[in-house]
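Chemist: Here is my input, please return the structure:
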Amino acid sequence: MQAKELKIYKGSGRNYTPVPQIIIQGKWLRPLGFFVGDKVTVTQEGSRLIIEKSEDGHDADEEATMVAKPVRRYNGPLGRYAGWR
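Modeler: Sure, this is the predicted structure:
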């Protein structure tokens, strides 16, 4: 089993109260069977969190539309579009 070390971030809860937040993202999830649109179940056992795929919502077309495509940008005399300052 390969381990990933992640950071606990500060999220915003009710009335902007700081709450712990874990962000899990990356291409490394695909080989493990996790895709855009899937649903997961998070279970706690002591100090461990177990993340399991609970429902297959994988839609290849939907995932493809969520991947950003390169956008051609105007590189004027200043190297960037003047309106984007």
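
Chemist: Please report how far the most centrally placed residue in the chain lies from residue 4.
Modeler: Most central in the chain under Cα atoms, centre = their mean is residue 25, positioned 3.8 Å from the mean C-alpha point. Distance of residue 25 to residue 4, computed by Cβ to Cβ, to the nearest Å: 11 Å. For glycine as for every other residue, the C-beta is placed from the backbone atoms N, C-alpha and C.

Chemist: can you tell me the average pLDDT over the helix or strand harbouring residue 11?
Modeler: In the assignment (DSSP states H and E), residue 11 maps to strand 8-12. Average pLDDT, strand 8-12: 95.

Chemist: Adjust the sequence numbering to begin at 477 for everything that follows.
Modeler: Happy to do that; since the first residue is 477 now, the last one works out to strand 484-488.

Chemist: Tell me which helix or strand comes right after that strand.
Modeler: Following strand 484-488 in sequence, per DSSP H and E, is strand 494-498.

Chemist: what angle separates that next one from strand 484-488?
Modeler: 130 degrees (axes from the mean of the first three to the mean of the last three Cα atoms, to 10 degrees).

Chemist: List the beta-bridge partners for residue 529.
Modeler: residue 516 (DSSP bridges).

Chemist: Bridge partners for residue 495, pull those for me.
Modeler: According to DSSP bridges, the partner residues bridging residue 495 are residue 487.

Chemist: hang on, it packs against residue 485?
Modeler: No. Residue 495 is beyond contact range of residue 485, at 9.7 Å (criterion: Cβ atoms under 8 Å).

Chemist: hang on, the earlier thing: list the contacts of the strand holding residue 487.
Modeler: With contacts defined as Cβ atoms under 8 Å, 6 or more residues apart in numbering, strand 484-488 is touched by 494-499.

Chemist: Stretch 494-501 now?
Modeler: Stretch 494-501 is contacted by residues 482, 484-489, 527 when judged by Cβ under 8 Å, 6+ apart.
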